[in-house]
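# the following comprises the amino acid sequence and a computationally predicted model.
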Amino acid sequence: DGGITQSPKYLFRKEGQNVTLSCEQNLNHDAMYWYRQDPGQGLRLIYYSQIVNDFQKGDIAEGYSVSREKKESFPLTVTSAQKNPTAFYLCASSIAGISFFGPGTRLTVL
Amino acid sequence: SQQGEEDPQALSIQEGENATMNCSYKTSINNLQWYRQNSGRGLVHLILIRSNEREKHSGRLRVTLDTSKKSSSLLITASRAADTASYFCATDAVRGSARQLTFGSGTQLTVLP
């Protein structure tokens, strides 16, 4: 899992609540990414950031928000507007086109 | 969007056999990468092949790339039980204003002892 940490490992949310997933890296990478993975499927890009204070929507950004105030940190907020948030969330950073992934957070909506 | 599509979706082999997984994609790419994911964990980068390369080796891994057919294959030789995992291809291409990786749906490899 390299120098990327994600917390918590498991997260349970009641419907209507916002939750924030943490992602921290000590690899000094500029680019960071959030992906969503559903059972038996590949990764879908939610948001990405190429530099501090800048981020762009990916393919499935609706119902999610991010911030990039520090190079090391790229938190993801799953808002109540995300209708089907139960999934495995993966954060990554990259350099020279190669991505390094965190261990993931499994979010379950109760 | 899932640009890369892997085939087969699942593969079960005996230890010592070779495992071959295929990936097809749709648009021009800078490079193609293969990643491995153990159950419930993050992905780990295995190998990268550039668009001007045709074959690349790394240990027991061999990757081929055919840009005319927009396809790649990953061969794992002399497989071990520890190779059991999901394997994903990812295409590196410019989408919008930035380079992005687009992942396929993966091949679940099971190596039986």
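Right, received. Where do you want to start?

# list the pairing partners of the helix or strand where residue A:12 lies within its sheet, with orientation.
Using DSSP states H and E, residue A:12 maps to strand A:10-13. Strand A:10-13 pairs in its sheet with strand A:105-109 (parallel), by DSSP bridges.

# give me the buried positions along the strand holding residue A:12.
A:11, A:13 (16 or more other Cβ atoms under 10 Å in any protein chain shown). The way it works is simple: take the backbone N, C-alpha and C, and place the C-beta from them, glycine included.

# quick one: residues in contact with it.
Residues from elsewhere that reach strand A:10-13 (Cβ atoms under 8 Å, 6 or more residues apart in numbering or on different chains): A:19, A:21, A:78, A:85, A:105, A:106, A:107, A:108, A:109, A:110.

# any idea how far that strand is from the chain center?
14 Å (Cα atoms, centre = their mean, to the nearest Å).

# next SSE after it?
strand A:19-25.

# and that next one, anywhere near chain B?
No: using Cβ under 8 Å from any Cβ of the partner chain, strand A:19-25 stays clear of chain B, coming no nearer than 11.0 Å.

# following element in sequence after that strand, please.
Next helix or strand after strand A:19-25 toward the C-terminus (DSSP H and E): strand A:31-37.

# I'd like the average pLDDT over that following strand.
Across strand A:31-37, the average pLDDT comes to 96.

# which pLDDT value belongs to residue B:77?
pLDDT, read off for residue B:77, is 98.

# isn't it up against residue B:18?
Yes: when contacts are counted by Cβ atoms under 8 Å, residue B:77 is listed as touching residue B:18 (5.1 Å).

# quick check: residue B:104 vs residue B:8, distance?
As for residue B:104, its distance to residue B:8 is 12 Å (criterion: Cβ to Cβ, to the nearest Å).

# and the pLDDT at residue B:91?
94.

# in the contacts of strand A:10-13, find the pair that's most separated.
A:21 and A:110 (16.6 Å; Cβ to Cβ).

# those two - which one has more neighbours?
residue A:21 (23 against 8; other Cβ atoms under 10 Å in any protein chain shown).

# which residues does that one bridge with?
Note on residue A:21: beta-bridge partners by DSSP bridges are residue A:76.

# could I get the contacting residues of it?
For residue A:21, the contacting residues are A:6, A:7, A:8, A:11, A:75, A:76, A:77, A:78, A:89, A:91, A:105, A:107, by Cβ under 8 Å, 6+ apart.

# ditto for residue B:72
The contact partners of residue B:72, by Cβ under 8 Å, 6+ apart, come to B:22, B:23, B:25, B:32, B:34, B:49, B:63, B:64, B:65, B:66, B:89.
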